[in-house]
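J.: only the shape, not the letters, is given here:
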């Protein structure tokens, strides 16, 4: 009887230790099986004017100051644009690592914009192969500038615009990332009768890493705006710039044909002509506060 | 909250929201190329821009034309060059024709 008991106990111990071993090896296999996610496709949440696939991390608050000077061709009297200022300020919060919300203010038509950016797919290799990172950017903005000249059917609703962008990015190597941005913009109010309220745009942006702390960026947006507007000639947005990383900040400095820093205006056509010198210097400053 | 609740899409143009300008005896609504535009161009432009006798050339340059006739007279690009500014009614008629797509009508 005792012998039988011993054998049973032994069998139990052996089997349970085998079970434990199996669990161990299974857990080891799972930790090894973590996909290799691409990180730092871009240095900041903006490439230059527009958004990149980078998010503000969970429980972090990003305070951003975007500044564009006046146009370089405005002459010595205006100190080649440096006398003038165009501003965009925003607070952007990471609810999770894949979802952020932001509230911004632009001095262009005294606008506020409320936006969200959601990471849908992450570029990864190894066990899970995903060639691109995909994010959805969606924004509503409202200009608050008084328009006493508009008297008929002008309501608060007329002040609204909506922007939706899909951001598709791939980090090809440590040094080179590329992003394309199909964009849909609806503006409730446009200037001329030939202007379209709804426009489609396509952006392309790229980052070339120069050193550990600097990179060179280019960003271009095409949009199918009306080509005939009696009020404004409208051009596509083209910007080049550098990212400089210093401690907790990313400092971006750029040359752009855009004085406005919200999507509906820089994609929607408030740009000047590069070859006429309608260019402005500008910078973005970002300061991240952690609430972890 | 009102910011969020206002979510309907409108298709408004500023020009339609402005109070209607009534220039006495200025008919901007029914401007046509054959009836009005060619006469305006003949009086004000042909002397230097003989190529504007062709509709295609006018159509190709219409945005530029509108821009230049609306410039202040002191501007380098102002048209008619060294001339006086076109009459308000003429400018409105040209603006209107261009805004409607510059048809050969």
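T.: Looks like it arrived, so ask away. Fair warning: this is a prediction, and the values are worked out from it, not measured in the lab.
J.: low-confidence ranges, the chain, go.
T.: Assuming you mean chain A. Chain A contains residues with pLDDT under 70 at A:1-32, A:226-233.
J.: ah, no, chain B please
T.: B:1-7, B:20-25.
J.: now stretch B:42-54: how far from the chain's centre is it?
T.: In terms of Cα atoms, centre = their mean, to the nearest Å, the centre of stretch B:42-54 is set 16 Å apart from its chain centre.
J.: in it, what's buried?
T.: For stretch B:42-54, a neighbour-count test (16 or more other Cβ atoms under 10 Å in any protein chain shown) marks B:44-45, B:49, B:52 as buried. C-betas here are computed from N, CA, C, even on glycine.
J.: dump the residue contacts of residue A:198.
T.: Applying Cβ atoms under 8 Å, 6 or more residues apart in numbering or on different chains, we find residue A:198 in contact with A:184-187, B:9, B:11.
J.: can you report phi and psi for it?
T.: phi -110, psi 120 (degrees, to the nearest 10).
J.: re earlier: the buried residues of stretch B:42-54 in helices, which ones?
T.: Residues of the buried residues of stretch B:42-54 located in helices (DSSP state H): residue B:44.
J.: what packs against the helix or strand containing residue B:98?
T.: Here residue B:98 sits within helix B:88-99, counting by DSSP states H and E. On a contact count with 3 or more Cβ pairs under 8 Å, 6 or more residues apart in numbering or on different chains; DSSP states H and E, helix B:88-99 meets helix B:38-44, helix B:55-69.
J.: could I get those as CSV with distance to residue A:78?
T.: Output for those, formatted as CSV (distance: least, Cβ to Cβ, whole Å):
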stretch, distance to residue A:78
helix B:38-44, 34
helix B:55-69, 22
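J.: which one of those lies closest to chain A?
T.: Among the helices and strands packed on helix B:88-99, the nearest to chain A by Cβ to the nearest Cβ is helix B:55-69 (4.7 Å).
J.: point out the other helices and strands that that closest one packs with.
T.: helix B:88-99.
J.: return the set of buried residues in the helix it packs on.
T.: Buried-residue list, helix B:88-99, by 16+ other Cβ under 10 Å: B:90-99.
J.: not counting sequence-adjacent ones, nearest residue to the residue in the stretch 151-292 of chain A positioned nearest to chain B?
T.: In the stretch 151-292 of chain A, the residue that lies nearest chain B is residue A:188 (3.9 Å; Cβ to the nearest Cβ). Using Cβ to Cβ, 6 or more residues apart in numbering or on different chains and skipping residues adjacent in sequence, the residue nearest residue A:188 is residue B:10, 3.9 Å away.
J.: ok, that neighbour to residue A:111 distance?
T.: Distance of residue B:10 to residue A:111, given as Cβ to Cβ, to the nearest Å: 17 Å.
J.: having no further points to raise, I will conclude here.
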